[in-house]
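Undergrad: The following block contains a protein sequence and its predicted model.
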Amino acid sequence: SGRDGKTVRKRDMGAGPDRQCGVEEQDPLISIIVPVYRPEPVHFMEMIRSVTEQTYGKWQLCLADGSEDGGGLESLVREAAGKDRRVIYRKLERNLGISGNTNQALEMAEGEWIAMVDHDDLLEPEALEEAVRLLRTEPKAGFIYTNSDLTDEDGIKCYNPLFKPDWSLETLYSANYITHFSMIRKDIMEAAGGFDSRMDGAQDWDIFLKAAERADVVCHIPKVLYHWRVARTSTAKSVETKPYALDAQLRAINAHFKRMGYNAQAFFQDRERYLIRVKWSHNVSWQTLRFEEGRGAVRTAEMRKELPSVYIIAFGTSDPAAPETCEELAQWAVCGGIGLVFPKLLNQDGRICPVQIQRRII
């Protein structure tokens with residue numbers, strides 16, 4: 001560990017084919033697609049080497065370079081990859097933007113699975129092997145994602161690990177917690193129409209929502225297998241480096257709602273924390289019950305005779321929740337696939353309330 005307690009790790013860039021795991025006949029070819037645009041040469045080469053050192057060998061790396069002059073990147077590819085024919089480089093006639101360049105890389109892909117990597121980030125050597133190991137036990141998977149962390153510009157210090165939750169479409173409505181490393185089956189990617197240039201800045205978020213609409217099974221590998229480099233122009237440093245991404249985020253979510261036929265609208269609660277919330281417009285009725293220890297749910301004097309769509313239970317308090325809070329809870333509760341909605345309760349210090357509240361619920 002470093003002096004600040006963060007993990008310091010030097011990558012072994014000398015790993016060779018002798019480290020690669022056995023490949024079974026049914027194992028898929030994985031196409032790693034990388035849109036390239038004026039990367040730092042050393043970062044670009046390190047990204048390539050993090051692919052060529054994979055312990056799983058059935059892959060291809062598709063590089064679509066939209067840089068204006070190329071900057072000698074093809075020679076860097078050959079220096080990093082040697083004569084490895086699994087590494088395919090294409091110089092584009094012009095820069096098509098992040099989505100357009102990614103689609104060009106997608107056209108080069110021959111694999112059954114598409115993996116997404118940025119041109120200056122790093123994969124753990126076991127990233128592909130872990131994904132294939134999962135596929136051997138979950139053959140119906142159509143979408144896979146892993147945990148990740150940040151790495152500094154030198155690629156030595158890794159910090160701020162993101163231990164992602166298991167699959168939750170509702171969580172994806174408020175934050176793109178998937179990011180990288182992620183893999184989507186190629187037929188799902190093609191059915192989704194590839195990447196949409198209108199969503200540049202949130203193009204990954206958009207494709208994840210489209211994949212979620214089509215995948216039978218979404219799987220999470222709870223291991224840090226991807227290192228997002230904190231470069232000067234990266235949103236890993238600050239979303240303010242790409243302010244256009246904020247509006248694209250809302251467009252991606254609201255486009256998903258429209259495709260799904262949901263009467264809902266995503267919006268920013270504020271432009272300081274960039275907190276996205278969803279306003280549903282269900283026709284829903286709700287009724288509050290008060291839960292007291294030893295007595296259970298207590299019917300209140302204002303109980304309506306007709307059965308409501310949702311019961312909202314207040315635990316150990318005589319103070320009713322604000323009507324707008326109850327309304328929002330009820331709106332989420334009637335969404336398909338949701339059986340229980342619970343708010344995050346904070347104390348006066350802004351901390352999540354103590355565990356005893358959860359014990360009462362149980």
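TA: Done, it's in. Numbers count the residues shown, from 1 in each chain.
Undergrad: Verify the stated contact: residue 39 with residue 119.
TA: Yes. Using Cβ atoms under 8 Å, residue 39 is in contact with residue 119, at 4.5 Å. C-beta coordinates here come from the backbone N, C-alpha and C atoms, glycine included.
Undergrad: Residues that sit against both of these two, list them.
TA: Residues touching both residue 39 and residue 119 (Cβ atoms under 8 Å, 6 or more residues apart in numbering) are residue 47.
Undergrad: Run through the bridge partners of residue 158.
TA: Here residue 158 sits in beta bridges with residue 7, residue 151, going by DSSP bridges.
Undergrad: Could you check the pLDDT of it?
TA: What the model reports as pLDDT for residue 158 is 94.
Undergrad: My guess is it contacts residue 151. True?
TA: Yes. Here residue 158 reaches residue 151: they are 5.0 Å apart, a contact under Cβ under 8 Å.
Undergrad: Quick check: neighbours shared by those two?
TA: Taking Cβ under 8 Å, 6+ apart as the criterion, residue 158 and residue 151 both touch residue 227.
Undergrad: Compare these two (neighbour count), which wins?
TA: The neighbour count for residue 158 versus residue 151, taken as other Cβ atoms under 10 Å, is higher for residue 151 (25 against 21).
Undergrad: which non-adjacent residue is nearest residue 184?
TA: residue 211 (4.8 Å; Cβ to Cβ, 6 or more residues apart in numbering).
Undergrad: quick check, the one you found in a strand?
TA: No. Counting by DSSP: H, G, I helix; E, B strand; the rest coil, residue 211 is not found in a strand; it is helix.
Undergrad: Contacts only, for it.
TA: Residue 211 touches 142-143, 184, 188-189, 192, 218, counting by Cβ under 8 Å, 6+ apart.
Undergrad: worst-scoring helix or strand of the chain, pLDDT-wise?
TA: Sorted by mean pLDDT, DSSP states H and E, the helices and strands of the chain end with strand 7-8, the least confident at a mean of 36.
Undergrad: Show the average pLDDT along the helix or strand following that strand.
TA: For strand 7-8, the succeeding helix or strand toward the C-terminus, using DSSP states H and E, is strand 30-36. In this model, strand 30-36 carries a mean pLDDT of 98.
Undergrad: Next SSE downstream of strand 30-36?
TA: Scanning onward from strand 30-36 (DSSP H and E), the first element met is helix 41-52.
Undergrad: Name the residues of that following helix that come out as buried.
TA: For helix 41-52, the neighbour count (16 or more other Cβ atoms under 10 Å) marks 43-52 as buried.
Undergrad: Provide the angle between the direction of it and the direction of strand 30-36.
TA: Angle, helix 41-52 to strand 30-36, by axes from the mean of the first three to the mean of the last three Cα atoms, to 10 degrees: 170 degrees.
Undergrad: helix or strand right after helix 41-52?
TA: strand 59-65.
Undergrad: which residues make contact with that next one from outside it?
TA: For strand 59-65, using Cβ under 8 Å, 6+ apart, the contacting residues are 29-37, 48, 51-52, 73-74, 77, 81, 86-92, 101-102, 104-106, 108-111, 115, 119, 128.
Undergrad: Apply 7 Å and report the result again.
TA: Contacts to strand 59-65, defined as Cβ atoms under 7 Å, 6 or more residues apart in numbering, come from residues 29-36, 48, 51, 73, 77, 86-92, 101, 104-105, 108-111, 128.
Undergrad: Quick one, which of those residues are buried?
TA: Buried among the contacts of strand 59-65 by 16+ other Cβ under 10 Å: 30-36, 48, 51, 73, 77, 86-90, 92, 101, 104-105, 108-109, 111, 128.
Undergrad: How about the backbone phi and psi for residue 312?
TA: In terms of degrees, to the nearest 10, the main-chain angles of residue 312 are phi -110, psi 120.
Undergrad: Show me which positions of the longest helix belonging to the chain end up buried.
TA: Assignment by DSSP state H gives helix 244-260 as the longest helix of the chain. Across helix 244-260, burial judged by 16+ other Cβ under 10 Å covers 245-246, 248-249, 251-257.
Undergrad: which residues in the stretch 251-362 of the chain form strands?
TA: With strands called from DSSP state E, counting those that start in this stretch, the stretch 251-362 of the chain shows them at 264-268, 276-280, 286-292, 296-298, 310-315.
Undergrad: Report the spatially nearest residue to residue 129, omitting neighbours in sequence.
TA: Leaving out its chain neighbours, the residue that sits closest to residue 129 by Cβ to Cβ, 6+ apart is residue 56, at 4.1 Å.
Undergrad: For that neighbour, give its distance to residue 351.
TA: With distances taken as Cβ to Cβ, to the nearest Å, residue 56 is found 43 Å from residue 351.
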